[in-house]
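> what's the 3D shape of this:
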Amino acid sequence: METQEARPAKALTTRHKCSACYKQYKKKEHLIAHMKVSYHSVHQPKCDVCYKHCKSLESLREHLTGPLPKANCSSIFSERGCDLCLKLFDSPSALTEHRETCCLPAPRPFETISVSSIDSQVHISDPIDGCNYDDWQQERPKAIALDCEMVGGGSDGSLDLCARVCLVDEDENLAFHSYVQPQIPVTDYRYEVTGLTEGQLRDAMPLKEVQERILEILYNGESIGKLRLDGGKARLLVGHDIEHDLDCLRMNYPDHLLRDTARYRPLMKTNLVSHSLKYLTKKYLGYDIQCGLHDPYEDCVSVMRIYKRMRAQDHRLEGAKVSTLLDDGHNLLRNFEFSNKELEQMSPDELYEISRSNYRCWCLDSKRVL
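Purely as a prediction, here's the structure:
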């Protein structure tokens, strides 16, 4: 039997691997196209075991604990990982110690808060004893959480009318609370959710006065021009679907000063659909809210805690000083401002280094960006 001629060895195909999400491509141009639309950066959620980048915390959670998790990552995470903040720790004992501070207790109900002017249904917190009012205003935390409770207007009760508003500062102190006089007749008090009655709204504060009180707290003495430019000493406004609350209050506030847990990309579903505040609170703080009547103080505290947890994430600033402009939410279209020839000559790691986020990470609120 004749010996068959040896077949030529099959050439190995070079694969181009993304340094962030580990996807592989046959052609370098395909990897470059992927990097241009993926917006990988140090601000994306990342697995602490394999260091894979994920589009959202939800996709990272699925990677670690979902129905089809990555086996090695899941095994290690189940022993030393926190299922709330999704961080990995050096030992089970370190994890146990961390959980004592990571899993928070539910806020106390609004009714238990001592408010001296509760009879008027309005409260604005007072300066600390012995502190000058202007100094107190300057020293107060710079973020304020807002939540509104709505009643129904219109023939079918489907029109949202703000009937109660609550503001809380970063220390979970009540900054302002009031019932609000609806602009048009109420056709549905939605009592099962709001707990509001006609009597509570009969002598409520007029909407215009509520607007003035809220803006006074948010502006913090800053001019409108400075507010619109870079915010100055004005406060960040935190909320869940905050645009809807502002619409019902018939108010506007600069977009660059809004922090919305319903629109923050790491907190959204993988298809960029928002989660409810109830879901986010359970998943990232470890307690239940909105189990009966909705408590605006409870919602305010919960949304502030979520914001502070996201802000506390420690991400290194991307690249040199020029990159901080990109990180700060400006000039995002400058991502990959290089010629195709220059990009072709870059390694996957170098492509990752010049990649930037397409959203402003909240960790930058606690950093001084030069």
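
> Now do the same for the spatially closest residue to residue 361 that is not a sequence neighbour: its pLDDT.
Closest residue in space to residue 361, ignoring its immediate chain neighbours: residue 43 at 3.9 Å, by Cβ to Cβ, 6 or more residues apart in numbering. Where C-beta positions appear, they are placed from N, C-alpha and C, glycine not excepted. Residue 43 is assigned 93 on the pLDDT scale.

> For the nearest residue to residue 296 once chain neighbours are set aside, which residues are in contact?
Nearest non-adjacent residue to residue 296, counting by Cβ to Cβ, 6+ apart: residue 166, 3.8 Å away. If you count contacts by Cβ atoms under 8 Å, 6 or more residues apart in numbering, residue 166 has them with 110, 146, 147, 148, 174, 176, 177, 296, 297, 299, 300.

> sec struct for residue 166, please.
Three-state call for residue 166 (DSSP: H, G, I helix; E, B strand; the rest coil): strand.

> show me where the stretch 151-300 of the chain has helices.
Along the stretch 151-300 of the chain, the segments classed as helices by DSSP state H, counting those that start in this stretch run 191-194, 198-202, 207-219, 224-229, 242-249, 277-284, 296-311.

> Looking at these, spot the one closest to residue 270.
helix 277-284 (14.2 Å; Cβ to Cβ).

> Provide the contact partners of the closest one at residue level.
Residues contacting helix 277-284 (Cβ under 8 Å, 6+ apart): 57, 61, 84-85, 240, 261-262, 267, 275, 287-290, 299, 302-303, 305-306, 309.

> same thing but at 6 Å, please
Residues from elsewhere that reach helix 277-284 (Cβ atoms under 6 Å, 6 or more residues apart in numbering): 84, 240, 288, 289, 290, 302, 306.

> What segments of the chain are strands?
16-17, 24-25, 122-124, 143-153, 159-169, 174-179, 186-188, 236-239, 258-260 (DSSP state E).

> CSV please, covering these and showing mean pLDDT and distance to residue 216.
Listed next are the strands of the chain as CSV, based on pLDDT from 0 to 100; distance: least, Cβ to Cβ, whole Å:
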stretch, mean pLDDT, distance to residue 216
strand 16-17, 94, 54
strand 24-25, 95, 55
strand 122-124, 50, 9
strand 143-153, 96, 11
strand 159-169, 96, 11
strand 174-179, 96, 9
strand 186-188, 95, 27
strand 236-239, 97, 13
strand 258-260, 97, 18
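
> I'd like these laid out as TSV, including distance to residue 247.
Output for those, formatted as TSV (distance: least, Cβ to Cβ, whole Å):
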stretch	distance to residue 247
strand 16-17	46
strand 24-25	44
strand 122-124	22
strand 143-153	10
strand 159-169	8
strand 174-179	18
strand 186-188	18
strand 236-239	12
strand 258-260	13
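
> Which one of those strands lies nearest to residue 345?
Nearest of these to residue 345, taken as Cβ to Cβ: strand 16-17 at 12.9 Å.

> strands paired with that closest one, and their directions?
Take DSSP bridges as the rule and strand 16-17 pairs in its sheet with strand 24-25 (antiparallel).

> so how far is the partner strand off the chain centroid?
32 Å (Cα atoms, centre = their mean, to the nearest Å).

> repeat for stretch 180-190
The mean C-alpha position of stretch 180-190 is separated from the chain mean by 30 Å, Cα atoms, centre = their mean.

> what's the span of it from first residue to last?
15 Å (Cα to Cα, to the nearest Å).
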